[in-house]
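In: this one's sequence-less:
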């Protein structure tokens, strides 16, 4: 049923579909997972002695019926550090929520590409795409995983969404972390593109009215 609901919402309004995904990323369970003791322990074992979230969880839903023409929802070759811009040893945790094989839009990575540092990019609707002739299609390796597996990689690792998929919905979650004690992060004053803030202007004009608010509360609230 949930698959049909996702596809139906996508067909009615892509904007509403994307908004629903953003709300999924705010689910308490996913945010609790991001700071769960096993993941924090793993991060420390990987060298992030003082891990801190670079941003909130990101949900990744992929299936043939949820892609725009031209595949604009498929992530192109990219490096997550460009969206993190925190510690140089920043780490990405990628968690499959469904079984992922070669025919379900697998995560594809270029082993060792993180050692090349930050690469040049070109604009793309999803995220800035790596533009480097040294990264070839044959360099990508698909990652086959099951729910419960954990994929951890550097923010500089080049990766993308695999091109092959079918009617199954591939669900995955990614989490990004910085290391508070990495020297360059400290020297740069902990600057990050994910600065806190809010929009004070109303997104829907004249909403809510006093009557709508009063309908939520009883005289005892």
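Out: Everything's here; your move. Quantities reported herein were computed from a predicted structural model and do not represent experimental measurements. Numbering: from 1, shown residues only.

In: residue contacts, the residue nearest the centre of the chain?
Out: Closest to where the C-alpha atoms of the chain average out (Cα atoms, centre = their mean) is residue 58, at 3.2 Å. Contacts for residue 58 (Cβ atoms under 8 Å, 6 or more residues apart in numbering) come out as 25, 173-176. The way it works is simple: take the backbone N, C-alpha and C, and place the C-beta from them, glycine included.

In: By pLDDT, give me the weakest of these.
Out: Within the contacts of residue 58, residue 25 has the lowest pLDDT, namely 90.

In: From what I see, that residue and residue 55 are in contact.
Out: No - taking Cβ atoms under 8 Å as the definition, residue 25 is not a contact partner of residue 55, at 9.5 Å.

In: ok, those two, which is more surrounded?
Out: residue 55 (19 against 14; other Cβ atoms under 10 Å).

In: Need the pLDDT of that one.
Out: With respect to pLDDT, residue 55 scores 92.

In: Next, count neighbours for the residue nearest to it when sequence neighbours are not counted.
Out: Using Cβ to Cβ, 6 or more residues apart in numbering and skipping residues adjacent in sequence, the residue nearest residue 55 is residue 194, 4.8 Å away. Residues lying near residue 194 (other Cβ under 10 Å) number 14.

In: Next, residue 194: phi, psi?
Out: phi -100, psi 60 (degrees, to the nearest 10).

In: For residue 79, which non-adjacent residue is spatially closest?
Out: residue 156 is the one closest to residue 79 (Cβ to Cβ, 6+ apart), at 5.3 Å.

In: which strand in the chain runs the most residues?
Out: Assignment by DSSP state E gives strand 170-179 as the longest strand of the chain.

In: and the next element down the chain from that strand?
Out: As assigned by DSSP states H and E, the chain's next helix or strand after strand 170-179 is helix 183-187.

In: For the helix or strand just after that next one, name the packing helices and strands.
Out: Next helix or strand after helix 183-187 toward the C-terminus (DSSP H and E): helix 210-214. If you count contacts as 3 or more Cβ pairs under 8 Å, 6 or more residues apart in numbering; DSSP states H and E, helix 210-214 packs onto no helix or strand.

In: Return the mean pLDDT over helix 210-214, rounded to an integer.
Out: 83.

In: same check, this time on stretch 118-125
Out: 91.

In: give me the element the closest residue to residue 33 other than its chain neighbours is part of.
Out: Closest residue to residue 33 apart from its sequence neighbours, by Cβ to Cβ, 6+ apart: residue 39 at 7.1 Å. Using DSSP H and E, the element containing residue 39 is helix 37-45.

In: Give me the buried positions along that helix.
Out: 39, 42-43 (16 or more other Cβ atoms under 10 Å).

In: Stretch 115-135 now?
Out: Buried-residue list, stretch 115-135, by 16+ other Cβ under 10 Å: 116, 119, 121, 127-130, 135.

In: Same question for stretch 211-221.
Out: Within stretch 211-221, judged by 16+ other Cβ under 10 Å, no residue is buried.

In: next one: stretch 165-181
Out: 165, 168-179.

In: Go ahead and confirm residue 46 touches residue 92.
Out: No - counting by Cβ under 8 Å, residue 46 sits too far from residue 92 to count as a contact (10.8 Å).

In: which residues do those two both contact?
Out: Common neighbours of residue 46 and residue 92, counting by Cβ under 8 Å, 6+ apart, are residue 152.
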